[in-house]
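Peer 1: sequence isn't available, so here's the structure alone:
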């Protein structure tokens, strides 16, 4: 398995609070991705990074921001969590032109 | 981005081959076909990918038609642990970050 960890694995928070999810890799891959998965929607891309401090938006980026200050960490921040952001969040990594490998996921519940 | 079409669900008897079809009629010449599966609520697991030629690895075989408009994933001897949702994906180019666009997938149930 690719060396990807996500933290926390489970989180319950209240509407309006900030939340940060962390994705950590030990593979030194250039690309990192954040997806969310909801019933009836499959996985949808939120943001991705193609290098340190280089990020771009995916298809469902509203309400999310990301940061990548070093190769191994990609942070996803919900500045003010809403109930619609209750979801399972998956991180993925890949080298240039290579297969994406996924982390174990983070279950987020916003009350 | 090329879209894929898969059956919503399929059943397979344990020990038999599972053949999962996928249509991708708008695929471009430089786009790869990828297959992933997701068991329960785990992270998607990579299975196999291909461009034009048929591919085989320790998990599965991928058969791509000559016109590349469809493909079939074959699990040669399905076990109960192969019960999962299987996603057929056409990978976007790297001007789009190489993102994967997931559809609804096929829910495969392997039965004793």
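Peer 2: Arrived safely, thanks for sending. Not measured: the values here are computed from a predicted model.
Peer 1: for residue A:51, give me its contacts.
Peer 2: Contact analysis of residue A:51 by C-beta atoms under 8 Å, 6 or more residues apart in numbering or on different chains lists A:30, A:68. For the C-beta atoms, the positions are set from N, CA and C on the backbone; glycine is no exception.
Peer 1: for the chain, what spans make up the strands?
Peer 2: By default, I'm working from chain A. A:4-7, A:10-13, A:19-25, A:31-38, A:42-51, A:54-57, A:65-70, A:73-78, A:87-94, A:101-102, A:106-110 (DSSP state E).
Peer 1: hmm, no, I was thinking of chain B.
Peer 2: Taking DSSP E, the strands of chain B run over residues B:9-13, B:18-23, B:33-38, B:45-50, B:55-56, B:61-64, B:70-75, B:84-90, B:106-111.
Peer 1: skip the chain neighbours and tell me the closest residue to residue A:38.
Peer 2: residue A:87 (5.3 Å; C-beta to C-beta, 6 or more residues apart in numbering or on different chains).
Peer 1: what's the neighbour count on that neighbour?
Peer 2: Around residue A:87 there are 21 other residues, counting by other C-beta atoms under 10 Å in any protein chain shown.
Peer 1: so what pairs up with it in the strands?
Peer 2: Beta-bridge partners for residue A:87, by DSSP bridges, are residue A:108.
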